[in-house]
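Show me the folded form of this:
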Amino acid sequence: MDLRISYRPRLFGWTAGAAAAVAVVFSTNSFAQASAQRDPDEFRTSVSVGVDRSSGKFGGSQNTDITYVPLTLKMENADTVLKLTVPHISITGPSNVIGGAGTPIVTRGNTGTVARRSASGLGDVVASLGINIGRNPAGYGVDLVTKVKFPTADEKQGLGTGERDYFVQFDGYSVVGKATYFGTIGYKKMGDTPTIDFRDTTFGSLGISLAMTKKTQSGLIYDHRQSSVAGVQGQREVTLFISHQIDKDLRLQGYAVGGLTDSSVDRALGLQVAKALD
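Okay, here's the model as predicted:
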């Protein structure tokens, strides 16, 4: 059995919306068995769609509500994962909170009166490439992942920054009995706008997933990210998730998120369904 296919954390396109939690799906035994019967060099294609609803004050006095609906196409084999995420985003709240790739961005402290707006449309498209750089039959491994956020969202409406961002991260996992321990450490380089000099930041997460049954897993994730704007507090959240394999080609996951800092989301709920196409 290919442990990377069986247990490697699968990251969603918009990780828990405004909370930016790492909403992880683990392939269950039935999916792993289907993959194990294939040529490890053969690519398998899947598509997923989700909805994420998040709400928070992000350190200010006004509430921001965000709805994020990502459509993701993924191609993977035993050593490589290619993903393209095309999202729709809706934001209602003060104009100092704008859309980003995986997390909303607080562009300045919300200490005074900030104009509110309501906008929706195409979000920022994200493309990623993941490559396995270490794997052991004992049940642990490491992936190197690179991502590019393309500025397809309307920056005038605050749906994005209007600039390109780059990410590089390492994803590691270890399987011990029915538990899978996993973590991420990464670096984000943001494109500056004509009015904002964004800081490059680091981010990371730690989590555990437990096999409840052969088809159901649940877990907990802690997520931390530096702020990309000077004077704004970083974000920390905790995510609870459950993933169920409906059949060998269909998977369903739900999650709930709670923020641990004033600049984090107050709460978020999400649901995603993924289907293998071949």
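
Only the C-alpha atoms, please, for stretch 210-217, written as CSV.
Once non-C-alpha atoms are left out, stretch 210-217 reads as follows in CSV (Å, rounded to 0.1, in the frame of the first residue of the first chain):
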residue,chain,number,x,y,z
LEU,A,210,-8.1,9.6,14.2
ALA,A,211,-9.7,6.7,12.3
MET,A,212,-13.1,6.3,13.9
THR,A,213,-14.2,3.6,11.5
LYS,A,214,-12.8,2.3,8.2
LYS,A,215,-14.6,5.1,6.3
THR,A,216,-14.7,8.0,8.9
GLN,A,217,-11.9,10.1,10.4
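
What is the burial count for the closest residue to Thr184 other than its chain neighbours?
Spatial nearest neighbour of Thr184, chain neighbours left out: Ser205 (4.7 Å); criterion: Cβ to Cβ, 6 or more residues apart in numbering. Backbone N, C-alpha and C define where each C-beta goes, glycine included. A count of nearby residues for Ser205, using other Cβ atoms under 10 Å, gives 25.

Could I get the contacting residues of Ser46?
73-74, 76, 274-277 (Cβ atoms under 8 Å, 6 or more residues apart in numbering).

are any of the residues you listed buried, and which?
74, 76, 274, 276 (16 or more other Cβ atoms under 10 Å).

Surely the second one and Glu42 touch.
Going back to what we said before, that points to Glu76. No - with contacts counted by Cβ atoms under 8 Å, Glu76 stays clear of Glu42, the gap being 9.9 Å.

Quick check: phi and psi on Asp154?
phi -80, psi 110 (degrees, to the nearest 10).

got a list of what it touches?
So Asp154 contacts 119, 121-122, 160 (Cβ under 8 Å, 6+ apart).

Low-confidence regions, this structure specifically.
Scanning the chain for pLDDT under 70 picks out 1-38, 101-102, 108-113.

show me where the stretch 1-150 of the chain has strands.
Ranges of strands within the stretch 1-150 of the chain are 10-11, 24-25, 44-56, 64-76, 80-94, 97-98, 105-106, 116-122, 125-136, 140-150, based on DSSP state E, counting those that start in this stretch.

could those strands go into JSON lines alongside distance to Thr195?
Shown next, in JSON lines, are the strands of the stretch 1-150 of the chain (distance: least, Cβ to Cβ, whole Å):
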{"stretch": "strand 10-11", "distance to Thr195": "31"}
{"stretch": "strand 24-25", "distance to Thr195": "35"}
{"stretch": "strand 44-56", "distance to Thr195": "24"}
{"stretch": "strand 64-76", "distance to Thr195": "20"}
{"stretch": "strand 80-94", "distance to Thr195": "16"}
{"stretch": "strand 97-98", "distance to Thr195": "12"}
{"stretch": "strand 105-106", "distance to Thr195": "13"}
{"stretch": "strand 116-122", "distance to Thr195": "17"}
{"stretch": "strand 125-136", "distance to Thr195": "23"}
{"stretch": "strand 140-150", "distance to Thr195": "19"}
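
Tell me which of those strands approaches Gly219 most closely.
Gly219 sits nearest to strand 24-25 of all the strands of the stretch 1-150 of the chain, at 6.8 Å, using Cβ to Cβ.

still on that earlier bit, output the contacts of Ser46 as a markdown table; include the columns distance to Ile133.
Below are the contacts of Ser46 laid out as a markdown table (distance: Cβ to Cβ, whole Å):
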| residue | distance to Ile133 |
| --- | --- |
| Leu73 | 24 |
| Lys74 | 19 |
| Glu76 | 15 |
| Ala274 | 25 |
| Lys275 | 29 |
| Ala276 | 25 |
| Leu277 | 27 |
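
Out of those residues, the closest to Asn63 would be?
For those, the nearest to Asn63 is Ala274 (30.9 Å; Cβ to Cβ).

residues in contact with that closest one?
Here Ala274 is in contact with 25, 46-48, 250-253 (criterion: Cβ under 8 Å, 6+ apart).

count of neighbours near Leu269?
Counted with other Cβ under 10 Å, Leu269 comes out at 16.

got it, and Phe203?
Neighbours around Phe203, by other Cβ under 10 Å: 21.
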